[in-house]
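>>> give me coordinates for this.
(chains A, B, C and D)
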There are 2 protein chains.
Amino acid sequence: MSKEKVKATEDVILDAAMKVFTRRGFAGARMEEVAKEAGINRALLHYYFRDKETMFNLIFETRFNEFFSGIARILSSDLPLFEKIRQVINHEIDTLTKHPDIPRFVIMEVASQPERLIQYGQKMGFNPRQMLTNFTQQVEIAIESKEIIPIDSRQLLMNVMSTCIYPFVAKPIIKTMMQMDENSFTSMMEKRKKDLYDFIVKAITP
Amino acid sequence: MSKEKVKATEDVILDAAMKVFTRRGFAGARMEEVAKEAGINRALLHYYFRDKETMFNLIFETRFNEFFSGIARILSSDLPLFEKIRQVINHEIDTLTKHPDIPRFVIMEVASQPERLIQYGQKMGFNPRQMLTNFTQQVEIAIESKEIIPIDSRQLLMNVMSTCIYPFVAKPIIKTMMQMDENSFTSMMEKRKKDLYDFIVKAITP
DNA sequence: GACACTTTTAACAATTTTGTTAAACAATTA
DNA sequence: TAATTGTTTAACAAAATTGTTAAAAGTGTC
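Now for the predicted structure:
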């Protein structure tokens, strides 16, 4: 069998595993469901990947990276503060519109095993503990120069992240409460990029 | 054995189940862990409660109610807009400081079975779909009277809820990233009541 | 203390889920 | 085409988890 075919099968399995693990979490995921989703036999999963945990680690690493790497890059860049905030908002809403289940998945699994955060952070080459130092300093400088009003930089960052990410974490609840279908949710998020940026800028501008 | 003792045992079990289910979710929870946490034997769980699902439903109902009832009451009250926002913030931060795992639990379980939202909402006597109508109208009136700037009421509500709830949902991540222990997290949230209110008011005041 | 009653446990049974293996099958190549 | 290698499956085995039961232990009452 050709290399391409092997790769294809591996990818089919990984895609299926991604869906199932992200949907159900590690504890709720069933190897049977992964196999079914991939259109193959359960034994084949074990042929390509040792066991459930091995598969899960691959998936988690990917999702963890998707969740953190973009934001880490932007936060530690040397963009001006307001532009940085705009880019964080746009980046989060864009990627989470494509992969809305990522934050719920990552948060859930980190909550059930917090040590993963440090562990995978190191693996991915960024230290979650230091992601914020650049941003914090930048906020303090902007305060001193009266570019923005005095504000606790941690609170500001929490506001930015919360308003971007929470709507996707709570998407099933929000969709129901606000009587939105998939399309209206997406278009609302698209609109949100601007609305949210304006909201935050107005809140911190002197 | 006395009625009090029975009640006590039931409560011990429910408390234990609450902890374990909230920590692990339905799929991740083990009856053995519940029994251990309660300091009893697994068979006894089945003596007091039929099975895992029955126990889970009791827990879920309680947590679901804790998550929604307070906020529903405040949102549909006839308080002035700003006061309503302040109360939402204070209520959320206070109750979630006491029970920080509630939103992660409820959100996770609703995500894995969205029909629960309508189902339990009806059971608890409030319609998640109508929780927002009062607030929405109030915002529109406030815009017309120039009390606040023009803003999409859904976006505003999403901002308020996100900034209150997300820090608790992502608590393990935030604590690590911001290098906080339990105490500093709590005191930060206490401070957040005021900071967040000011932030939001400034964002919407003309 | 004998009786009726509830609570608790240990041992067992059933079910669900995961992991293994041996053999069939397919593709590649010498 | 036969040998080699890698792929797939069905059947099986093991482990983990849940649920049941019969009997022991405790409690209150007469």
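
>>> ok, and does stretch A:40-53 reach over to chain B?
No. Counting by C-beta under 8 Å from any C-beta of the partner chain, no contacts exist between stretch A:40-53 and chain B, the nearest distance being 13.2 Å. (C-beta placed from N, C-alpha, C; glycine too.)

>>> for that stretch, buried residues please.
In terms of neighbour count (16 or more other C-beta atoms under 10 Å in any protein chain shown), stretch A:40-53 has its buried residues at A:40, A:45, A:48-49, A:52.

>>> which of these lies closest to A:Leu157?
Checking the buried residues of stretch A:40-53 against A:Leu157 by C-beta to C-beta gives A:Lys52 as the nearest, at 35.7 Å.

>>> local confidence estimate at the closest one?
What the model reports for A:Lys52 is a pLDDT of 94.

>>> distance of it relative to A:Phe26?
Using C-beta to C-beta, to the nearest Å, A:Lys52 is found at 8 Å from A:Phe26.

>>> kindly report the same for A:Glu33.
Using C-beta to C-beta, we find A:Glu33 at a distance of 13 Å from A:Phe26.

>>> repeat for A:Val106
When C-beta to C-beta is the yardstick, A:Val106 and A:Phe26 sit 12 Å from each other.

>>> and if you look at A:Lys191?
Between A:Lys191 and A:Phe26 the distance, using C-beta to C-beta, works out to 35 Å.

>>> between these two, which has more neighbouring residues?
Per other C-beta atoms under 10 Å in any protein chain shown, whichever of A:Lys191 and A:Phe26 has more neighbours is A:Phe26, with 20 against 14.

>>> in chain A, which spans are strands?
Under the criterion DSSP state E, chain A carries no strands.

>>> tell me where it has helices.
In chain A, the helices defined using DSSP state H lie at A:3-28, A:31-38, A:42-48, A:52-75, A:81-98, A:102-112, A:115-124, A:133-144, A:153-169, A:171-177, A:182-204.

>>> residue contacts, A:Tyr166?
Residues near A:Tyr166 by C-beta atoms under 8 Å, 6 or more residues apart in numbering or on different chains: B:158, B:161-163, B:165-166, B:169.

>>> make that A:Asp195, sorry
Shown here is A:Asp195, whose contacts under the criterion C-beta under 8 Å, 6+ apart are B:151-152, B:155.

>>> lowest-pLDDT helix or strand in chain A?
helix A:3-28 (a mean of 85; mean pLDDT, DSSP states H and E).

>>> pull out the buried residues from that helix.
Neighbour-count burial for helix A:3-28 flags A:9, A:13-14, A:16-26, A:28 (criterion: 16+ other C-beta under 10 Å).

>>> near DNA strand C, from those?
When the buried residues of helix A:3-28 are checked against DNA strand C using C-beta under 7 Å from any atom of the strand, none falls in range.

>>> ok, these vs B:Asn127, which is closest?
Comparing these against B:Asn127 with C-beta to C-beta places A:Arg23 closest, at 27.0 Å.

>>> care to break chain A down by domain?
According to the domain assignment given by automatic domain parsing, chain A is divided into the following structural domains: A:1-49, A:67-204.

>>> lowest average pLDDT across the ones you listed?
Of all the domains of chain A, the minimum mean pLDDT falls on domain A:1-49 (a mean of 86).

>>> tell me the contacts of the nearest residue to A:Asn41 once chain neighbours are set aside?
Spatially, and ignoring its direct neighbours in sequence, A:Asn41 is nearest to A:Ala35 (6.1 Å; C-beta to C-beta, 6 or more residues apart in numbering or on different chains). The neighbourhood of A:Ala35, defined by C-beta under 8 Å, 6+ apart, consists of A:16, A:41-42, A:44-45.
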